[in-house]
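A.B. asks: Just need the structure, nothing else, for what follows:
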Amino acid sequence: MIQSNESAERIRELLDRNLQEVFGEGDNDRRHAAIAELWAKDGVLYVPPGAIIGHDAIDKFAGDLRATHPHYVYAPHGSPQVLHNAGRLAWGSGPRGEPPEYTGWDVITVRDGKITALYVFLDETSDEFRRASGKSAS
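C.D. replies: Coordinates of the predicted model:
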């Protein structure tokens, strides 16, 4: 049996900070610095449009996404869960103080204390899922 040497606390920290400091950050310089600190150089972001690889591409995607919802905030729904070298966090996004416009899950894998992969699952009931996946509302 292989045991993970990744710290459960670090994985929880990565989930929380990535949500706020990468996807919730509107300042390009702060977002770029957070990606450098939290992500492995060869990290892969898996989102409905496809796989995005490396710091610059992840930064561009997160910045472009942020620009479409500049007044939205990300709020965790519950606490992060950790298993070996992976973790997951449910979240919602929408205007501050209002119910979320869309919700989803972040699932990460970690190596040497940095995110190697992030899988973003959007809940299928949201307009954001339909927009991102090219499906129309029923």
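
A.B. asks: can you point me to the longest helix in the protein?
C.D. replies: If you go by DSSP state H, the chain has its longest helix at helix 55-68.

A.B. asks: and the very next helix or strand once past that helix, how far from the chain's centre?
C.D. replies: Later in the chain than helix 55-68, the nearest helix or strand by DSSP states H and E is strand 72-76. The chain centroid and the centroid of strand 72-76 are separated by 11 Å under C-alpha atoms, centre = their mean, to the nearest Å.

A.B. asks: Confirm R17 sits in a helix?
C.D. replies: Yes - the assignment for R17 is a helix, going by DSSP: H, G, I helix; E, B strand; the rest coil.

A.B. asks: who's in contact with the closest residue to it other than its chain neighbours?
C.D. replies: Nearest residue to R17, sequence neighbours excluded (C-beta to C-beta, 6 or more residues apart in numbering): L38, at 5.9 Å. (Each C-beta comes from the backbone N, C-alpha and C, glycine too.) Contact analysis of L38 by C-beta atoms under 8 Å, 6 or more residues apart in numbering lists 14, 17-18, 21-22, 114-115.

A.B. asks: Take stretch 4-18, keep the C-alpha atoms, and write them as CSV.
C.D. replies: Presented in CSV, the C-alpha positions along stretch 4-18 are these (Å, rounded to 0.1, in the frame of the first residue of the first chain):
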residue,chain,number,x,y,z
SER,A,4,0.6,9.9,0.8
ASN,A,5,3.1,12.2,2.3
GLU,A,6,0.9,15.2,1.7
SER,A,7,-0.3,17.2,4.7
ALA,A,8,-4.1,17.1,5.1
GLU,A,9,-3.9,20.7,6.4
ARG,A,10,-2.0,21.8,3.3
ILE,A,11,-4.6,20.3,1.0
ARG,A,12,-7.4,22.0,2.9
GLU,A,13,-5.4,25.3,2.6
LEU,A,14,-4.9,24.8,-1.1
LEU,A,15,-8.6,24.3,-1.7
ASP,A,16,-9.6,27.3,0.3
ARG,A,17,-6.9,29.6,-1.0
ASN,A,18,-7.3,28.6,-4.7
